[in-house]
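Asker: After the sequence you'll find the predicted model.
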Amino acid sequence: MLHILNKSPLQASTLDTVVRLAESGALLLIEDAVYAATKGNLAEPKLREAMARLKVYALAPDLAARGMADRVIDGVTTVDYDGFVDLVVEHPNNQSWL
Amino acid sequence: MAQKKFMLVNRKAPYGSIYALESLEVVLITAAFEQDVSVVFLDDGVYQLKKGMQTKGIATKNFSPTYRALEDYDVDKLYVDAESLAARGLTAEDLVTEVKLVDSATLARLMAEQDVVLSF
């Protein structure tokens, strides 16, 4: 399953819930959720927990817009909009956590 | 017009919602009425000041250069909560403009002495 997350990890508890309930598959961080993929964020340990089980992606245009493109945590794969579409196609189902 | 002490408290990241931009509009309005304006960046609000935003890819205007222009409107009380900044792996060097870094006690005192506090 592809999990799509759009909330900042320090503003909403969504990342915690996703890490608790997502067993395998992929996690795509978009919009304000891309902050979870940046070095030095308090949520970094939580993201590393997610990375142990899930392949983690972050949307590059959202990172760039927020001035955070140069501080992505190693092991997180950045994708553009075409990559976003590919991820949706590749996975049998997806969940957008709003 | 009597002058009041206004504080705008920004707690949301830019672009994910409209709050940051709306707050900036209100800052400019209060400045136009020659009020005493303080602008606070707290929690995810500190992200509004991050350097190096490239918003072309999300087809949105990058409004962060406006924070640098606030001084021209006599808005020079920009306060950033040091704890919020550190929690996001950022330092004052990462910000688009010069700000005053404040600790919790200082921020609490500043808030308490305002006539009007607007929250975004």
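Answerer: Structure's in. What do you need?
Asker: Helices of chain A, residue ranges please.
Answerer: A:14-21, A:44-53, A:60-65, A:81-90 (DSSP state H).
Asker: Please indicate which of the ones you listed has the most neighbours on average?
Answerer: Mean neighbours per residue, mean count of other CB atoms under 10 Å in any protein chain shown, is largest over the helices of chain A for helix A:60-65, with a mean of 22. C-betas here are computed from N, CA, C, even on glycine.
Asker: what's it packed up against?
Answerer: Counting contacts by 3 or more CB pairs under 8 Å, 6 or more residues apart in numbering or on different chains; DSSP states H and E, helix A:60-65 packs against strand A:77-79.
Asker: For the helix or strand encompassing residue B:37, name the packing helices and strands.
Answerer: Assigned by DSSP states H and E, residue B:37 falls within strand B:36-41. Here strand B:36-41 touches strand B:5-10, helix B:19-32, strand B:77-81, helix B:104-112, going by 3+ CB pairs under 8 Å, 6+ apart.
Asker: List the contacts of it.
Answerer: B:3-10, B:23, B:27, B:30-31, B:48-49, B:70, B:75, B:77-81, B:84, B:99, B:107, B:110-111, B:114 (CB atoms under 8 Å, 6 or more residues apart in numbering or on different chains).
Asker: are any of those buried, and which?
Answerer: Among those, those classed as buried by neighbour count (16 or more other CB atoms under 10 Å in any protein chain shown) are B:6-10, B:23, B:27, B:30-31, B:48-49, B:70, B:75, B:77-81, B:84, B:99, B:107, B:110, B:114.
Asker: just to revisit the earlier point, can I get the helices and strands packed on strand B:36-41 in CSV with mean pLDDT and distance to chain A?
Answerer: Shown next, in CSV, are the helices and strands packed on strand B:36-41 (pLDDT from 0 to 100; distance: least, CB to the nearest CB, whole Å):
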stretch, mean pLDDT, distance to chain A
strand B:5-10, 97, 12
helix B:19-32, 94, 11
strand B:77-81, 98, 12
helix B:104-112, 98, 16
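Asker: Of the ones you listed, give the one that comes closest to residue A:30.
Answerer: Nearest of the helices and strands packed on strand B:36-41 to residue A:30, taken as CB to CB: helix B:19-32 at 17.7 Å.
Asker: what does chain A have sitting close to chain B?
Answerer: Counting by CB under 8 Å from any CB of the partner chain, the positions of chain A adjacent to chain B are A:6-8, A:10-11, A:31-32, A:35, A:38-42, A:44, A:60-62, A:64-71, A:80.
Asker: I'm done for today, thanks for sticking with me.
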